[in-house]
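J.: Make a model of this:
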Amino acid sequence: MSTAPALDPAHTALLVMDYQPAILALLPESDSEALLGRMEEVIADVRARGGTVAYVRVGFTEADWAAIPPTNRSFAPIAQHRLMHHADLDTAIHERLAPQDGDIIVRKIRYGGLSTTDLDQRLREHGITTLIIAGISTSGVVLSTVLDAADRDYQLYVLADGVADPDPEAHDVLLHHVFPARAHVLETAELHTLLRAD
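T.: Prediction:
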């Protein structure tokens, strides 16, 4: 049983980050299918309880590629090879997790979900103080967003089985040794009991 405090859906947002075909393709297919199945249920649960669902996706325009300096070890190769164009089908949010009217959707051009988007502002406008974090990869978007959101004083929950990484060792170190200092780490099955309606 989780020791995490209950969530008030009216002030809670589920961040569904980088659940895009191009990113999911980095994982074994069986892992991707299991992740998508769990996320379908979590999204439906958060919506049913009156919470906010926010989608973060990575995608680049020509101008974005041109602005990436060659010193950026992570993103310079993406710019050089013109990868992850924002209009490609592989960079769309996976169809099984399709957004609905009223959801928040942002496009980013670096790892974190907050740093190159207006997501923080939009969450504040919705009265959001608590974030449930799910995304791929654990060592990329999840790590960057957890660190940034913690510095912005959000109450954080990381879905241990709603995040994944091509590197299992990095995934485990983050979940067990890094995130617990900044967030409540829990399984998706525990989330339902923590979402309370006022």
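J.: partners of Lys108 in the sheet?
T.: Val58 (DSSP bridges).
J.: measure stretch 168-180 end to end?
T.: 18 Å (Cα to Cα, to the nearest Å).
J.: Residues in contact with that stretch: which ones?
T.: Here stretch 168-180 makes contact (Cβ atoms under 8 Å, 6 or more residues apart in numbering) with 137-139, 142-143, 146, 158, 160, 163-165, 185. Where you see a C-beta, it was placed from the backbone N, CA and C, and this is true even at glycine.
J.: Same check on stretch 65-81?
T.: Here stretch 65-81 has contacts from 60, 64, 82-84, 109-111, using Cβ under 8 Å, 6+ apart.
J.: other SSEs contacting the longest helix anywhere in the chain?
T.: In the chain, assigned by DSSP state H, the helix with the most residues is helix 29-48. On a contact count with 3 or more Cβ pairs under 8 Å, 6 or more residues apart in numbering; DSSP states H and E, helix 29-48 meets strand 12-17, helix 21-24, strand 52-58, strand 130-136, strand 155-164, helix 188-194.
J.: so how far is the second one off the chain centroid?
T.: This points to helix 21-24. Chain-centre distance of helix 21-24: 13 Å, with Cα atoms, centre = their mean, to the nearest Å.
J.: Just the C-alphas of that helix, formatted as CSV.
T.: Extracted C-alpha coordinates of helix 21-24, given in CSV (Å, rounded to 0.1, in the frame of the first residue of the first chain):
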residue,chain,number,x,y,z
PRO,A,21,6.0,6.0,-32.3
ALA,A,22,9.6,7.1,-32.9
ILE,A,23,10.3,7.0,-29.2
LEU,A,24,8.4,3.9,-28.4
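J.: how near is Ala34 to Leu191?
T.: Distance of Ala34 to Leu191, computed by Cβ to Cβ, to the nearest Å: 16 Å.
J.: the more surrounded of these two?
T.: A count of neighbours by other Cβ atoms under 10 Å puts Leu191 above the other of Ala34 and Leu191, at 23 against 14.
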